[in-house]
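[1] build me a model from this:
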Amino acid sequence: MLRVVKTENGWVRGISAADPRITAFKGIPFAKPPVGELRWRAPQPAEDWEGIRDCYTFGNIAMQEVPSTSVADSFYTKEWHVDPDVPMSEDCLNLNIWTAAKTGDEKFPVMVLFYGGALNVGYPSEMEFDGERIARRGVILVSVNYRVNVFGFMCHPEITAESPETPANFGHLDQRAGVQWVKRNIAAFGGDPENITIFGQSAGAGSTMVQMCSPMNKGLFQKAIPQSGGGFLPPSNMGLTLPQAEKLGEELFEVLGVKSLEEARKVDAKTLWEAAMGDKLKTIGFRWGTVVDYKFLPDYPVRMLMRGEFNRVPVMLGNTGGEFPIVVNFPSVEAYENYVRLCYGDCAEEILKITEEGTSDVKTMCDRIRYNGFQIGNYMWIDSNTENDYVPMYYYRFDPEIPGDNAGSFHSSELWFVFETLAKCWRPFKGKHYDLARIMCNYWTNFAKTGDPNGLDSDGTPMPEWRPVSSDYKEAMFFGDETIGMTQGLCTDLEETLTKYYKGELSRGELPTVFKAIAMAGMGGFKLADEGGVPPVVNS
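    Below you'll find the predicted structure:
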């Protein structure tokens, strides 16, 4: 097995995975530590080292809240943020590789993972991301660490003046630098630098879409898999522009009591993080994330994707059935109808007809208008793509029974299946879940190999055919409870109407009135469901 490899910066020694046919290389530096004068700068090339570097353990995770200590994040703490002692530092620009190569001449396809966490938390050593099962299928898995929150996404006029070509999005630039490192070095690990698939879930999916949209990335990768990527529905598609982000940076400097970028770079990391995430900043809601900087990212990603202004590579996308459903609760039919007419413009009467058919019960109406924002966003992109035939596109819906609690197919639940790491989870998964995971991992790695997920199962029988969406064939691959196959029709009448509504509002560059209505008194409520997909009751 290939245990020692020469990279551009020096030799690295990997460690046998649980399957000795797989070698894992953990914590390989792909850039200089972004500390001191390199804080809030684009990543710089890593320094060379002497001798053989033992890459047996994961590197530091990026600065963030300590995993497994957050009350707000208790759901995911139980799921996989289980180690409060995981090493954390600004010195975090490292990556991990799982490979089945024996000689280094194999030219295996490569999958490069960007982890999720709202661009504020997350790390590649989360236990669901183990790459062994992917590597066993003849695909190299690389997971890239990157800066998050204030360390990865702060802007300031002084930073812009200092680095006008890279004034923002340092976390995304880290991701890009990781893929560039892979392109330069992966052949030595048995990989094909001309067959790279970038992928991720949640903020990792959003990052995948951002990388697709950057004009700096032409030819850098050949396929993309965004899983549960947000950003199509407001307010998440209305991130900060560079001038707005610079003002937030100035506000942070005031809170820190510093008067210059030089002083801010000397603030210790913990103090900086606490100030950036604390309640002394006037800006609420969105703070640290993707910025339209007009260099790396020319416009909001959703606009670029809908217009076809992106690096056109085959795409496999999808969502889970139970993630953050949008729910409403109104005390009367009159209040419900007022809400729909106020929020949904020209589509209001269609929505009322769909949700009121055969009932006079307001609770039934509210139940019927519940929908999955991630799913509607995916439909918007699918519609735009099929209308213009931009790229081959495969769509899935993941909605099996998930045991252990009442969370359903919660946001991120498919990760256990994509990486086929169910045995690491606390949940009492059964045989049917392991069968589903095996087949999903097959589809993902097949797509990475050829751009087509179809192929044979491990016993040599064909897996259910997964057809791409097109103007003539709009269906989804459904991963359900003991059910795998194409759906009969892509979406419901309500989902079609909502997709039409949001596309129209987006084309006018407006914040849809459904979000303006939240502040109106006496009309009930609107809210994203709590984590785990269990919707709260939202009252006036």
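[2] separation between residue 273 and residue 282?
    When C-beta to C-beta, to the nearest Å is applied, the distance between residue 273 and residue 282 equals 18 Å. For the C-beta atoms, the positions are set from N, CA and C on the backbone; glycine is no exception.
[3] quick one, which of the two is more surrounded?
    A side-by-side neighbour count of residue 273 and residue 282, using other C-beta atoms under 10 Å, places residue 273 first with 19 against 10.
[4] assumed residue 34 was part of a strand.
    No. Secondary structure assignment places residue 34 outside any strand; it is coil (DSSP: H, G, I helix; E, B strand; the rest coil).
[5] what strand or helix carries residue 348?
    Residue 348 is located in helix 348-356, with elements delineated by DSSP states H and E.
[6] again with residue 396
    strand 393-398.
[7] what does the helix or strand just after that strand rub up against?
    With elements assigned by DSSP H and E, the helix or strand that comes after strand 393-398 is helix 415-418. Applying C-beta atoms under 8 Å, 6 or more residues apart in numbering, the external contacts of helix 415-418 come out as 128-129, 201, 227, 398, 421-422, 424-425, 427, 429, 433, 436-437, 440-441, 444, 479.
[8] picking that back up, extract the CA atoms of the helix holding residue 348 and return them as PDB.
    What follows is helix 348-356 as a C-alpha-only set of coordinates in PDB (Å, rounded to 0.1, in the frame of the first residue of the first chain):
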ATOM      1  CA  ALA A 348     -51.900  34.000  -3.900                       C
ATOM      2  CA  GLU A 349     -55.100  32.800  -5.400                       C
ATOM      3  CA  GLU A 350     -53.500  29.700  -6.800                       C
ATOM      4  CA  ILE A 351     -52.100  28.900  -3.300                       C
ATOM      5  CA  LEU A 352     -55.500  29.500  -1.700                       C
ATOM      6  CA  LYS A 353     -57.200  27.200  -4.100                       C
ATOM      7  CA  ILE A 354     -54.600  24.500  -3.400                       C
ATOM      8  CA  THR A 355     -54.600  24.800   0.300                       C
ATOM      9  CA  GLU A 356     -58.400  25.400   0.900                       C
END
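[9] that helix packs against which elements?
    The elements that helix 348-356 packs onto, with contact taken as 3 or more C-beta pairs under 8 Å, 6 or more residues apart in numbering; DSSP states H and E, are helix 333-343, helix 362-368, helix 493-507.
[10] lowest-confidence stretch among the ones you listed?
    Mean pLDDT is lowest for helix 493-507 among the helices and strands packed on helix 348-356, at a mean of 90.
[11] and that helix, which residues are buried?
    For helix 493-507, burial by neighbour count (16 or more other C-beta atoms under 10 Å) applies to 494, 495, 496, 497, 498, 499, 500, 501, 502, 503, 505, 506.
[12] how far does the longest helix along the chain sit from the chain's center?
    Secondary structure of the chain per DSSP state H: the longest helix is helix 431-450. Once both centres are worked out by C-alpha atoms, centre = their mean, to the nearest Å, helix 431-450 turns out to sit 19 Å from its chain's centre.
[13] what angle sits between it and strand 393-398?
    170 degrees (axes from the mean of the first three to the mean of the last three C-alpha atoms, to 10 degrees).
[14] just the C-alphas of helix 431-450, formatted as PDB.
    The C-alpha trace of helix 431-450 is given here as PDB (Å, rounded to 0.1, in the frame of the first residue of the first chain):
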ATOM      1  CA  GLY A 431     -30.000  -3.600   7.800                       C
ATOM      2  CA  LYS A 432     -32.200  -1.500   5.500                       C
ATOM      3  CA  HIS A 433     -30.300   1.600   6.500                       C
ATOM      4  CA  TYR A 434     -26.900  -0.100   5.700                       C
ATOM      5  CA  ASP A 435     -28.300  -1.200   2.300                       C
ATOM      6  CA  LEU A 436     -29.400   2.400   1.500                       C
ATOM      7  CA  ALA A 437     -26.000   3.800   2.600                       C
ATOM      8  CA  ARG A 438     -24.100   1.300   0.400                       C
ATOM      9  CA  ILE A 439     -26.200   2.300  -2.600                       C
ATOM     10  CA  MET A 440     -26.000   6.000  -2.000                       C
ATOM     11  CA  CYS A 441     -22.200   5.800  -1.600                       C
ATOM     12  CA  ASN A 442     -22.100   3.900  -4.900                       C
ATOM     13  CA  TYR A 443     -24.100   6.700  -6.700                       C
ATOM     14  CA  TRP A 444     -21.900   9.400  -5.300                       C
ATOM     15  CA  THR A 445     -18.700   7.800  -6.200                       C
ATOM     16  CA  ASN A 446     -20.000   6.700  -9.700                       C
ATOM     17  CA  PHE A 447     -20.800  10.400 -10.300                       C
ATOM     18  CA  ALA A 448     -17.300  11.400  -9.300                       C
ATOM     19  CA  LYS A 449     -15.900   8.800 -11.700                       C
ATOM     20  CA  THR A 450     -17.900   9.600 -14.800                       C
END
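[15] many thanks, have a good one.
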